[in-house]
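Participant: Sequence first, then the predicted structure, then my questions.
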Amino acid sequence: MVASSHESEVATGGFYLLGLLTRVLVAFQDFLFLSGRAFANLFRRPHYYDDVALQMDIIGVGSLSIVILVGAFSGAIIALQMARALNTYGAASQVGTIVSLTLVRELGPVLTAIIVAGRNASGIASELGSMKVTEQIDAMRALGTDPVQKLVTPRLTATAVMLPCLTVIADAVGSVGAYLVSVPLLHIIPTEQYWSTFWRALVVNDLAQGLGKPFVFGMIIAMVGCHYGLRTTGGTQGVGRATTQAVVVSSIWIFVVTFFFDKIFVNLS
Amino acid sequence: MAEQPILAFRDVNLQYGDTWALRNVSLVLRPGETRIILGAAGSGKTCLLKAAIGLVHVDGGEISLFGEDVTRDRETDLFALRSRAGFVFQEGGLFDSLSVGENVEYPLLNQRLSGHQNNSGSERSIEDRVREALRFVELERTFDKFPSEISGGMRRRVGIARAIVTEPPLVLYDSPTAGLDPITANTIMALIAKERDVRNSASLIVTHRYQDGEIMDKFFYDAARQELVPLGECADTDPKRNRTRFIVMKEGQVVFFGTRLELEACDDLYVKRFVHHED
Ligand SMILES: Nc1ncnc2c1ncn2[C@@H]1O[C@H](COP(=O)(O)OP(=O)(O)OP(=O)(O)O)[C@@H](O)[C@H]1O
Ligand SMILES: [Mg+2]
């Protein structure tokens, strides 16, 4: 009796895990289908250029101030920390190089992407989720519009274009922030040396990483936001859940993808 | 009655888990005809309408809309077909970030953008057609308002304006009068009858009010007098007579199909509950 009930418990647990795994795989398959359709629609009429422009404004211009703020401070913080660390090795003159590499390769893309994920993956998921639970998505389909064409593809395009631009801006203000700390504030090195080491550190590989990552992150953020938005069920509470999941899942993806990106690029160089 | 049916269901089944949303449903609808669908909450009325334009995928059976098999088409092939029918949602389904005017304009812009246009009236400007549709539902002055700024009955009427602005040959109304006061409800039914008679469109009307069906069956819109008049005033042979049928649904099944008089004479207990004898 005891043994059998224990066995059945194990079996239930096994079924539960299997069920969970199936759900995750099915969701991932849905995600891939949605992404496939969104990409295919790039080459299919009609094109909703107005919606692309609107989304670019919301995602790009809307995130500008916070991206500038975070970029400037992260540059300044790297400089502060690195100045101390490099000093102990007598290598303070390398501060430009370090700032340039960490900022352009990693921190610029990742921090910007995390900010945009927080702002826009949630924004997209809650907008589409609300539309889903109030029958607006069905209404759109009933009127003969493909919701993927009208809602998903513009968000995908806009995020994939705007995120690299925002990253470049974050890198730029970050390097100025680091400059302000290293030169006028701490007087570690002269101005010319900071900028010449900053530029010399960068090679094509770094620029490819620095722009390739945000391009991929942008697609992930838009697609995850749309995916959770469009599968929202269960009213207002469902919208809240979709929003949270979109932010969490896109943030996780950003770090996972960063890891593989780095692995590939380290091997390349 | 040799006209091609606009919409035809043959043995359609749809199941959610253990509940049947549609079970062996068959029906045929020709131009100018009306079907009034009655039934308890959860009896599958909304599913029937959604299945008609392929918004839900049925498990079995055939649905032909404008002569095309909806059940076999892929989602991306259905958009052009759907844009030829009008659909009024139970909850309105208005786009809440667009103004009333933009909502009504949407189907026209959509048709133009996707190139599936039906030519009727396309020589008129979109703005004119939008204003005309809003005038039709007597809401011209709400053009610049947002859906959240107007009343529930007004939203329902905007939904109707959006559904008919493209002058579709088939309009599906999901509970157009639910939760409205009798006066507004009658106004809406008068509009629906007017829409049917002015353009000879076919309509499928889900409702909880038996009177809605009575209005559709007993009255017609007289274009000359610009009002609804009782059918009693026109000849017995007039084709306007005898084109309304009642459908009663129960747990996904069609349990009654027939004319109003047959419905009133029916002594099935379930069916009787939907017939309202006013004194
Ligand atoms: N997406 C869905 N998932 C699961 N069950 C569903 C779904 N849609 C409908 N159903 C079920 O199908 C049945 C028919 O639903 P439907 O919405 O057609 O009812 P209805 O006749 O329109 O009811 P009401 O008069 O309340 O609008 C109900 O039992 C409902 O629970
Ligand atoms: Mg319903």
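Facilitator: Looks like it arrived, so ask away. Numbering: from 1, shown residues only, chains lettered A, B, ... in the order given. Ligands and ions are numbered 1, 2, ... in the order given.

Participant: What segments of chain A are helices?
Facilitator: Secondary structure of chain A (DSSP state H): helices located at A:2-40, A:49-56, A:62-88, A:95-101, A:108-116, A:122-133, A:136-142, A:147, A:153-180, A:191-201, A:204-230, A:235-268.

Participant: what comes up buried for stretch A:213-228?
Facilitator: Buried residues in stretch A:213-228, counted by 16 or more other Cβ atoms under 10 Å in any protein chain shown: A:213-214, A:216-228. In short, each C-beta sits where N, CA and C put it, glycine included.

Participant: List the residues that contact A:Val160.
Facilitator: Heads up, residue A:160 is Ala, not Val. Contact analysis of A:Ala160 by Cβ atoms under 8 Å, 6 or more residues apart in numbering or on different chains lists A:Phe215, A:Gly218, A:Met219, A:Ala222.

Participant: what's the closest of those to ligand 2?
Facilitator: A:Ala222 (33.3 Å; Cβ to the ion).

Participant: close enough to count as contact, that closest one and A:Thr153?
Facilitator: No: counting by Cβ atoms under 8 Å, A:Ala222 sits too far from A:Thr153 to count as a contact (9.3 Å).

Participant: need the contact list for the closest residue in space to A:Ala160 that isn't next to it in sequence.
Facilitator: Leaving aside its sequence neighbours, A:Ala160 sits nearest to A:Gly218 (Cβ to Cβ, 6 or more residues apart in numbering or on different chains; 4.0 Å). Contact analysis of A:Gly218 by Cβ under 8 Å, 6+ apart lists A:Ala113, A:Val116, A:Thr159, A:Ala160, A:Val161, A:Met162, A:Leu163, A:Pro164.

Participant: can you count the residues close to the closest residue to the fifth one other than its chain neighbours?
Facilitator: Okay, so that is A:Val161. Nearest residue to A:Val161 in three dimensions, chain neighbours excluded: A:Met56, at 6.7 Å (Cβ to Cβ, 6+ apart). Burial of A:Met56 is recorded as 19 neighbouring residues (other Cβ atoms under 10 Å in any protein chain shown).

Participant: biggest separation within the contacts of A:Gly218, which pair?
Facilitator: A:Ala113 and A:Val161 (14.0 Å; Cβ to Cβ).

Participant: neighbour-wise, which of these two wins?
Facilitator: A:Ala113 (30 against 16).

Participant: shouldn't that one be in contact with A:Leu163?
Facilitator: Yes: counting by Cβ under 8 Å, A:Leu163 is a contact partner of A:Ala113 at 6.5 Å.

Participant: what touches both of those two?
Facilitator: Common contacts of A:Ala113 and A:Leu163 (Cβ under 8 Å, 6+ apart): A:Pro214, A:Phe217, A:Gly218, A:Ile221.

Participant: I'd like to know which of these is nearest to A:Leu32.
Facilitator: A:Ile221 (16.4 Å).

Participant: Let me see the contact set for the closest one.
Facilitator: So A:Ile221 contacts A:Ala113, A:Val116, A:Ala117, A:Asn120, A:Ala121, A:Ile124, A:Thr159, A:Leu163, A:Ser250, A:Ile254 (Cβ under 8 Å, 6+ apart).

Participant: And for the residue of chain A found nearest ligand 1, the neighbour number?
Facilitator: Distances between chain A and ligand 1 by Cβ to the nearest ligand atom are smallest at A:Thr233, namely 8.0 Å. Taking other Cβ under 10 Å as the criterion, the count of residues near A:Thr233 is 12.

Participant: tell me the contacts of the nearest residue to B:Thr76 once chain neighbours are set aside?
Facilitator: Nearest non-adjacent residue to B:Thr76, counting by Cβ to Cβ, 6+ apart: A:Asp146, 6.5 Å away. Residues near A:Asp146 by Cβ under 8 Å, 6+ apart: A:Asn41, B:Glu75, B:Thr76, B:Phe79.

Participant: Check A:Gln193 too.
Facilitator: Contacts of A:Gln193 (Cβ under 8 Å, 6+ apart): A:Ser93, A:Gly96.

Participant: hmm, back to that, ramachandran angles for the residue of chain A closest to ligand 1?
Facilitator: Main-chain dihedrals, A:Thr233, degrees, to the nearest 10: phi -140, psi 160.

Participant: thinking it is in contact with A:Val133, fair?
Facilitator: Yes: using Cβ under 8 Å, A:Thr233 is in contact with A:Val133, at 7.5 Å.

Participant: so where's chain A shaky on pLDDT?
Facilitator: A:1-10, A:269 (pLDDT under 70).

Participant: and the residue of it at minimum distance from ligand 2, what does it touch?
Facilitator: Ranked by Cβ to the ion, the top residue of chain A for proximity to ligand 2 is A:Glu135, at 10.8 Å. Taking Cβ under 8 Å, 6+ apart, we find A:Glu135 in contact with B:Phe89, B:Gln90, B:Glu91, B:Gly92, B:Gly93.

Participant: ok, now with 7 Å
Facilitator: When contacts are counted by Cβ atoms under 7 Å, 6 or more residues apart in numbering or on different chains, A:Glu135 touches B:Phe89, B:Glu91, B:Gly93.

Participant: Could you list which of these also contact chain A?
Facilitator: For chain A, the contacts drawn from the contacts of A:Glu135 by Cβ under 7 Å from any Cβ of the partner chain are B:Phe89, B:Glu91, B:Gly93.

Participant: With respect to pLDDT, which of these ranks lowest?
Facilitator: pLDDT across these is lowest for B:Glu91, at 84.

Participant: Next, count neighbours for B:Ser125.
Facilitator: 10.

Participant: Can you tell me how far it is from B:Arg131?
Facilitator: To B:Arg131, B:Ser125 is 10 Å away according to Cβ to Cβ, to the nearest Å.

Participant: try B:Ala193
Facilitator: 22 Å.

Participant: What does the closest residue to ligand 1 within the stretch 51-200 of chain B show for phi and psi?
Facilitator: Per Cβ to the nearest ligand atom, the residue of the stretch 51-200 of chain B with the smallest distance to ligand 1 is B:Gln90, at 5.7 Å. In terms of degrees, to the nearest 10, the main-chain angles of B:Gln90 are phi -60, psi -40.

Participant: In contact with residue 154, which residues?
Facilitator: I'll assume chain A. Neighbours of A:Pro154 in contact, by Cβ under 7 Å, 6+ apart: A:Tyr48, A:Asp51, A:Val52, A:Gln55.

Participant: was after chain B, sorry
Facilitator: B:Met154 touches B:Leu139, B:Thr142, counting by Cβ under 7 Å, 6+ apart.

Participant: how far away is it from A:Ala139?
Facilitator: From B:Met154 to A:Ala139 the distance is 17 Å (Cβ to Cβ).

Participant: which parts of chain B sit against ligand 1?
Facilitator: Within chain B, the residues that sit near ligand 1 (Cβ under 6 Å from any ligand atom) are B:Tyr16, B:Thr19, B:Ala21, B:Gly39, B:Ala41, B:Gly42, B:Ser43, B:Gly44, B:Lys45, B:Thr46, B:Cys47, B:Gln90.

Participant: Can you tell me the SS state at the closest residue to B:Pro168 other than its chain neighbours?
Facilitator: Leaving out its chain neighbours, the residue that sits closest to B:Pro168 by Cβ to Cβ, 6+ apart is B:Gly86, at 4.3 Å. Recorded secondary structure, B:Gly86: strand (DSSP: H, G, I helix; E, B strand; the rest coil).

Participant: beta partners for B:Gly86?
Facilitator: Following DSSP bridges, B:Gly86 is listed with bridge partners B:Val171.
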